[in-house]
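A.B. asks: have a look at this fold, sequence not included:
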């Protein structure tokens, strides 16, 4: 006898079909048999009586580009049953990388010394990631933020024709190296001045290779619907496959309904469109995104000099950005500043009162205190309600993503924070499925597995079926839950019992093993 048998499980196969009781046989990394209980024989038996067996969860919107290199165990993901992550979202990522001195501006996570970045191409990065042996499978997108930093630099302006052609060539090369598509983060300083025509030009490159275009749209506040219309227009003109990232606007509930209606109308028109949403009641971004990119360019002394200039407050005040766009500083909360740690957890309205200055001036003071680690101070944008999220999730087309980076409570990332990393899937199942009944369990599993696999054109993942890769999660549905909170976000989820990645037992009896079997998937062109 060979293989691993998961016996007596309640199986939800990821297709949206009803559950059934059965045994699953895994051999050589694939599912080789599914039978009624008691029929499978194997060398290793995992009794799953009373447990729910599903495909491993697919995180359609992750920012783990860097953290998977720093700590490939991906503990925050494995303890939630995640077996595949899509990185390179929101124009952030690690490759291609032609300007190492600027590249950190479009990354998430603790940024190592510049010497850490030994690659320049997407192929080089994927090779480096493969060498790290991540615990989860990885799909990469090409981040527009890095393309612009490499070819436009820190200036906030449209690309010249020559720069745009260089970006297009590098994008094509990265797609040919195995990236599955392209992403933009059009609300961020480095991409705000990328004209629609510029994005269309790059998306034609993506469309020619049947890649996916995932966009953090240009404005998610007052002009959120117009921004979604812009993305749909790009798909209409170029034929690119469109994925709208975290589709829920940061505005009134009526905007969410309009956004979902726009996506539905585009689909009925024949546009290849999908969308996703994270599971936080707030947005989460770098405090540095408050200021124009040029203010933070150059040496430490250059940055401090610019931040200290009285005119910088007015410059920031007139600079459109996703932080001040919230319009209410009592809903913008400081998180994870190192040098102003006593202010963490307070709103900028409160901080401004204590400092006797404006919220923008207070934010600039914090950036000056954290000048040696500008990637660390983050802000929470309290812009969502649970009702608005529920409306979004109840759309049958909505996929669920973390919008976070994989972390671990020990090791090199022990002190790192990224809200949602430890909680996204477990919160969704606990709150939206088990407690509120807003989404059925069958549909929830489909949206976490089969639907994103289809979106990524992965025919052999996201399902429990003979011949599929054995990416499998086994949970106690009654106890599967998030443990992290806003105040203490870095707590491992509970209730996951076993996780298999490519047929290798990565979690056994509720504890992560030392076996890491994730693979870096490289796209083959689809015509």
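C.D. replies: Happy to help now that I have it. All values reported here derive from a predicted model rather than from experimental measurement.
A.B. asks: how about the helix or strand of the chain with the lowest mean pLDDT, which residues are buried there?
C.D. replies: Least confident helix or strand of the chain, by mean pLDDT, DSSP states H and E, is helix 100-103 with a mean of 85. Neighbour-count burial for helix 100-103, counted by 16 or more other Cβ atoms under 10 Å, picks out 100, 102, 103. From N, CA and C alone the C-beta is placed, and that goes for glycine too.
A.B. asks: can you lay out those as a markdown table showing distance to residue 193?
C.D. replies: Shown next, in a markdown table, are those (distance: Cβ to Cβ, whole Å):
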| residue | distance to residue 193 |
| --- | --- |
| 100 | 23 |
| 102 | 16 |
| 103 | 19 |
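A.B. asks: what's the least confident helix or strand of the chain in contact with?
C.D. replies: With Cβ atoms under 8 Å, 6 or more residues apart in numbering as the test, helix 100-103 has contacts from 94, 97, 114, 117, 146, 149, 150, 153, 154, 297.
A.B. asks: quick check: phi and psi on the second one?
C.D. replies: The phi and psi values for residue 97, taken as degrees, to the nearest 10, are phi -140, psi 100.
A.B. asks: gap between the residue nearest to it when sequence neighbours are not counted and residue 471?
C.D. replies: Nearest residue to residue 97 in three dimensions, chain neighbours excluded: residue 103, at 5.0 Å (Cβ to Cβ, 6 or more residues apart in numbering). Noted for residue 103: a distance of 31 Å to residue 471, by Cβ to Cβ, to the nearest Å.
A.B. asks: cool, residue 18 as well?
C.D. replies: 21 Å.
A.B. asks: can you pull out the strands in the stretch 401-527 of the chain?
C.D. replies: Under the criterion DSSP state E, counting those that start in this stretch, the stretch 401-527 of the chain contains strands at 472-475, 496-501, 504-508, 511-512.
A.B. asks: now for the shortest one, which elements pack on it?
C.D. replies: The reference is to strand 511-512. Strand 511-512 sits against no helix or strand, with contacts defined as 3 or more Cβ pairs under 8 Å, 6 or more residues apart in numbering; DSSP states H and E.
A.B. asks: roughly how far out does that strand sit from the chain middle?
C.D. replies: Centroid displacement of strand 511-512 relative to its chain, using Cα atoms, centre = their mean, to the nearest Å, is 23 Å.
A.B. asks: now swap in the second one and tell me
C.D. replies: Averaged C-alpha coordinates place strand 496-501 at 21 Å from its chain's average position (Cα atoms, centre = their mean).
A.B. asks: that strand vs strand 504-508, what angle?
C.D. replies: 160 degrees (axes from the mean of the first three to the mean of the last three Cα atoms, to 10 degrees).
A.B. asks: what pairs with strand 496-501, parallel or antiparallel?
C.D. replies: Strand pairing for strand 496-501, using DSSP bridges, gives strand 472-475 (antiparallel), strand 504-508 (antiparallel).
A.B. asks: okay, those in CSV with mean pLDDT next?
C.D. replies: Shown next, in CSV, are the strands paired with strand 496-501 (pLDDT from 0 to 100):
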stretch, mean pLDDT
strand 472-475, 98
strand 504-508, 98
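A.B. asks: mean neighbour count and distance to residue 238 added to the strands of the stretch 401-527 of the chain, as TSV?
C.D. replies: Putting these into TSV (neighbours: other Cβ atoms under 10 Å; distance: least, Cβ to Cβ, whole Å) gives the following:
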stretch	mean neighbour count	distance to residue 238
strand 472-475	27	36
strand 496-501	26	35
strand 504-508	20	39
strand 511-512	14	42
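A.B. asks: with distance to residue 308 as extra columns, can I get those strands in JSON lines?
C.D. replies: What follows is the strands of the stretch 401-527 of the chain, written out as JSON lines (distance: least, Cβ to Cβ, whole Å):
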{"stretch": "strand 472-475", "distance to residue 308": "51"}
{"stretch": "strand 496-501", "distance to residue 308": "49"}
{"stretch": "strand 504-508", "distance to residue 308": "50"}
{"stretch": "strand 511-512", "distance to residue 308": "47"}
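A.B. asks: mind checking which of the contacts of helix 100-103 are buried?
C.D. replies: Members of these classed as buried by 16+ other Cβ under 10 Å are 94, 97, 117, 146, 149, 150, 153, 154, 297.
A.B. asks: what number of residues lie near residue 158?
C.D. replies: By other Cβ atoms under 10 Å, 14 other residues sit near residue 158.
A.B. asks: show me what contacts it?
C.D. replies: 193, 194, 195, 198.
A.B. asks: need the strands paired with strand 496-501 in TSV with distance to residue 271, can you?
C.D. replies: Shown next, in TSV, are the strands paired with strand 496-501 (distance: least, Cβ to Cβ, whole Å):
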stretch	distance to residue 271
strand 472-475	32
strand 504-508	37
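A.B. asks: to residue 519, which of those lies closest?
C.D. replies: The minimum distance between residue 519 and the strands paired with strand 496-501 falls on strand 504-508, with 10.6 Å, by Cβ to Cβ.
A.B. asks: now what about the closest one, what contacts it?
C.D. replies: 4, 29, 46, 78-79, 83, 135, 496-500, 512-513, 515-517.
A.B. asks: now with 7 Å, please.
C.D. replies: For strand 504-508, contacts defined as Cβ atoms under 7 Å, 6 or more residues apart in numbering pick out 78, 135, 496, 498, 499, 500, 512, 513, 515, 516, 517.
A.B. asks: from those, which is closest to residue 352?
C.D. replies: Nearest to residue 352 among the contacts of strand 504-508, with distances taken as Cβ to Cβ, is residue 78, at 41.1 Å.
A.B. asks: now do the strands in the stretch 151-300 of the chain.
C.D. replies: 181-185, 212-216, 241-244, 273-277, 283-286.
A.B. asks: what's the closest of those strands to residue 432?
C.D. replies: Judging those by Cβ to Cβ, what sits closest to residue 432 is strand 273-277, at 11.0 Å.
A.B. asks: what packs against the closest one?
C.D. replies: strand 241-244, helix 253-269, helix 386-393, strand 398-400 (3 or more Cβ pairs under 7 Å, 6 or more residues apart in numbering; DSSP states H and E).
A.B. asks: at 6 Å what do you get?
C.D. replies: Packing partners of strand 273-277 (3 or more Cβ pairs under 6 Å, 6 or more residues apart in numbering; DSSP states H and E): strand 241-244, helix 253-269.
A.B. asks: between the longest one and helix 386-393, how many degrees?
C.D. replies: If I follow you right, that is helix 253-269. 0 degrees.
A.B. asks: from the chain's centroid, how far away is helix 253-269?
C.D. replies: 22 Å.
A.B. asks: what residues does it touch?
C.D. replies: 224-225, 228, 232, 247-249, 273, 275, 388, 391-392, 395 (Cβ atoms under 6 Å, 6 or more residues apart in numbering).
A.B. asks: which of these lies closest to residue 476?
C.D. replies: Of those, the one sitting nearest to residue 476 (Cβ to Cβ) turns out to be residue 392, at 27.3 Å.
A.B. asks: the closest one touches residue 276, doesn't it?
C.D. replies: No. When contacts are counted by Cβ atoms under 6 Å, residue 392 is not listed as touching residue 276 (9.4 Å).
A.B. asks: contacting residues for residue 307?
C.D. replies: 364, 367, 368 are the contacts of residue 307 under Cβ under 6 Å, 6+ apart.
A.B. asks: and the first one, backbone torsions?
C.D. replies: With angles defined as degrees, to the nearest 10, residue 364 sits at phi -60, psi -40.
A.B. asks: before we move on, back to that, with mean neighbour count and mean pLDDT added, can I get the helices and strands packed on strand 273-277 in JSON lines?
C.D. replies: Output for these, formatted as JSON lines (neighbours: other Cβ atoms under 10 Å; pLDDT from 0 to 100):
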{"stretch": "strand 241-244", "mean neighbour count": "25", "mean pLDDT": "98"}
{"stretch": "helix 253-269", "mean neighbour count": "17", "mean pLDDT": "96"}
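A.B. asks: all strands of the stretch 1-150 of the chain, in order?
C.D. replies: So, for the stretch 1-150 of the chain - with DSSP E, counting those that start in this stretch - the strands run 4-11, 20-27, 30-35, 44-47, 52-55, 57-59, 82-87, 137-143.
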